[in-house]
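J.: My questions are about this predicted structure, shown below with the sequence.
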Amino acid sequence: MPKAIWNGETLAESDQCVVVEGNQYFPPDSIQREYFKASDTHSTCPWKGLASYYTISVDGKENTDAAWYYPEPKEAAAGIKDYVAFWHGVNVEE
């Protein structure tokens, strides 16, 4: 079962992930919300739409914009609406 880990804590774990472009997207109800802080950062994907980001905070350490999601994806990416993916040193084990 895919699991996202950073700074010794499990951020998300689910057997309902969706893989898109090599990234595991975790269902919104599978993330440990206490570690996530909304970020003002956004980026645009031509086919998925506008991404929003979270900064991860664990035991006083922050990983800025280490998770992203699509709150209003384009039709082609509707299946990952609000699903969360990780980068910037977050280890995703499968």
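T.: It's in.
J.: alpha carbons only for contacts and neighbour counts from here, please
T.: Will do.
J.: Low-confidence stretches in this protein?
T.: Within the chain, no stretch has pLDDT under 70.
J.: in it, what residue sits furthest out from the centroid?
T.: What lies farthest from the middle of the chain is Gly60; by CA atoms, centre = their mean that is 19.7 Å.
J.: Let me know the secondary structure of Gln16.
T.: Classification of Gln16 using DSSP: H, G, I helix; E, B strand; the rest coil returns coil.
J.: So it sits against Phe26, correct?
T.: Yes: between Gln16 and Phe26 there is a contact under CA atoms under 8 Å: 7.1 Å.
J.: With neighbour numbers in mind, choose between those two.
T.: Phe26 (26 against 13; other CA atoms under 10 Å).
J.: What distance do you get for Ile31 to Leu11?
T.: As judged by CA to CA, to the nearest Å, Ile31 and Leu11 stand 6 Å apart.
J.: give me the element the closest residue to Tyr35 other than its chain neighbours is part of.
T.: The shortest distance from Tyr35 to any non-neighbouring residue, by CA to CA, 6 or more residues apart in numbering, is to Ser57 (5.0 Å). Using DSSP states H and E, Ser57 maps to strand 49-58.
J.: list the helices and strands that strand packs on?
T.: Applying 3 or more CA pairs under 8 Å, 6 or more residues apart in numbering; DSSP states H and E, we find strand 49-58 packed against strand 36-45, strand 61-69.
J.: Turn those strands into a markdown table, columns for distance to Val84 and mean neighbour count.
T.: Output for these, formatted as a markdown table (distance: least, CA to CA, whole Å; neighbours: other CA atoms under 10 Å):
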| stretch | distance to Val84 | mean neighbour count |
| --- | --- | --- |
| strand 36-45 | 11 | 14 |
| strand 61-69 | 5 | 19 |
